[in-house]
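> Whatever this is, show me its structure:
(one chain, ligands or ions: 1)
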Amino acid sequence: MIKILITEFINQNSINNLKKKFEIKYDEKIYENKLKLENIIHNYEGLIVRNKTQVDSNVLKNAKKLKFIGRLGVGLDNIDTEFCKNKNIHVQPATGMNADSVAEYVVSSSMSLIKKIPMFHNGTIKGEWPRTAIRSAEINQKFLGIIGFGTIGKKVAKFCSKNGLKILAYDPYINEINDKEIDAKLSNLNEIYEKSDIISIHLPLTDETKNMINKSSFSKMKNNPIIINTSRGSIINENDLIDAYHEKIISGFALDVFENEPIESKFYNKIVPGMNCILTPHISGVTTESNIRVSDFIVKKIINFFN
Ligand SMILES: NC(=O)c1ccc[n+]([C@@H]2O[C@H](COP(=O)([O-])OP(=O)(O)OC[C@H]3O[C@@H](n4cnc5c(N)ncnc54)[C@H](O)[C@@H]3O)[C@@H](O)[C@H]2O)c1
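Below you'll find the model as predicted:
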């Protein structure tokens, strides 16, 4: 019987379905023990991971039987896809399956930060009444800059353009926006930096995008924008982001992803109550609904593949 290894959490119902077809080893903590993964991977034809399992060349060179890797999510930066291609291992992301969840996170965190909710909350729970000391704003007619205009970027644009925001999109890999429901203008990065009130990042982590938003980018931002990052932590230089906040170049930020996950004290020690920011532990794509969709999608793909 074909053996499948699952190294991170998956919907229970999906495991039951997989067990009808395959021999399943499910241990949602294996990703923490890289050596163990390297030592047992030779037993498996299929592997199902999220973003924490590092499927690098050390794992893959031992994966003598491996034919299929299912990724319960989207980014493939934890998988050596070049190595997989050379070894003819099929890598399957759950494209689009958690896009609604991420887009809703972007909308809700943008709204919260424009409204300065974290600051009002912090003052109010301390017994203060910062009714006039803090000024919030409306989103209508504000500029939203979207960097990376793929599945999630477009979903964010669709929602926001219907709700009064003006959308600028930067993506050098697309020439036109051929979706009538999206009212957005393709722009260059400088225009986005100069005009945006909110900037949301929806890029894959690649050599090109690593550290792409840095001191030089912040220095071009003219409208004290809010920065939202749900893509990958290393795309923004975290130190430069904190500096830009303290220098009042940006007026807030929501981070769901970090250079190091779990977040390390050298970063979170810089975050103090009263800052207009929201930090979350890489959950924007993980909701009850998306977990079911993502898991079911990968189960279908792996069954079809081995059929
Ligand atoms: N936090 C979470 O829970 C979560 C969930 C899902 C996805 N993600 C992250 O979000 C990213 C985007 O997801 P998606 O589904 O929209 O991916 P996608 O592949 O549909 O879109 C990415 C877009 O980025 C563009 N792009 C690539 N390099 C670029 C560059 N240098 N400059 C500008 N644009 C560039 C591509 O052309 C593409 O249109 C994923 O790669 C993943 O890392 C995070």
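
> separation between the closest residue to the ligand within the chain and His202?
Residue nearest to the ligand within the chain (CB to the nearest ligand atom): Gly150, separated by 1.8 Å. Heads up, the C-betas are built off the backbone N, CA and C, glycines and all. To His202, Gly150 is 6 Å away according to CB to CB, to the nearest Å.

> okay, the two: which has more neighbours?
With neighbours defined as other CB atoms under 10 Å, Gly150 and His202 compare such that His202 has more, 27 against 18.

> So what does the more buried one look like in phi/psi?
Dihedral angles of His202 (phi, psi; degrees, to the nearest 10) stand at phi -140, psi 50.

> What segments of the stretch 1-150 of the chain are helices?
Taking DSSP state H, counting those that start in this stretch as the test, the helices found in the stretch 1-150 of the chain are 12-19, 34-40, 57-60, 81-86, 99-114, 117-125.

> Do you know the pLDDT at Asn178?
Per-residue pLDDT puts Asn178 at 89.

> How many neighbouring residues does it have?
Neighbourhood size, Asn178 [other CB under 10 Å]: 7.

> ok, it - contacts?
Listed by CB atoms under 8 Å, 6 or more residues apart in numbering, Asn178 has no contact partners.

> What of the one 10 residues further on?
Counting by CB under 8 Å, 6+ apart, Asn188 makes contact with Tyr170.

> does the ligand sit close to stretch 89-103?
Yes: using CB under 6 Å from any ligand atom, stretch 89-103 reaches the ligand at 98-99, 102.

> Let me know the closest of those residues to Asn11.
Asn98 (12.4 Å; CB to CB).

> Is that closest one in contact with Val294, as I believe?
Yes: counting by CB atoms under 8 Å, Asn98 does reach Val294; the two are 5.6 Å apart.

> residues shared between the contacts of these two?
Common neighbours of Asn98 and Val294 (CB under 8 Å, 6+ apart) are Gly73.

> more neighbours, those two?
A count of neighbours by other CB under 10 Å puts Val294 above the other of Asn98 and Val294, at 28 against 24.

> list the contacts for that one?
Residues near Val294 by CB under 8 Å, 6+ apart: 11, 72-73, 94, 97-98.

> Now do the SS call for it.
At Val294 the chain is in helix, as set by DSSP: H, G, I helix; E, B strand; the rest coil.

> Surely Asn276 is in contact with Phe120?
No: between Asn276 and Phe120 there is no contact, the gap being 9.6 Å when judged by CB under 8 Å.

> How many neighbouring residues does the closest residue in space to Lys65 that isn't next to it in sequence have?
Nearest residue to Lys65, sequence neighbours excluded (CB to CB, 6 or more residues apart in numbering): Glu45, at 5.0 Å. By the criterion of other CB under 10 Å, Glu45 has 19 neighbours.

> List the residues that contact Glu45.
2-4, 65-68, 306.

> try it again with 7 Å
Contacts for Glu45 (CB atoms under 7 Å, 6 or more residues apart in numbering) come out as 2-3, 65-67.

> any idea how far it lies from Ala63?
Glu45 is 9 Å from Ala63, by CB to CB.

> quick one: contacts for Ser200?
106, 144, 146, 156, 228 are the contacts of Ser200 under CB under 7 Å, 6+ apart.

> As TSV, these with neighbour count, pLDDT and distance to the ligand would be great.
Formatted as TSV, the contacts of Ser200 follow (neighbours: other CB atoms under 10 Å; pLDDT from 0 to 100; distance: CB to the nearest ligand atom, whole Å):
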residue	neighbour count	pLDDT	distance to the ligand
Val106	27	98	10
Leu144	28	98	15
Ile146	28	98	10
Val156	30	98	9
Ile228	27	99	11
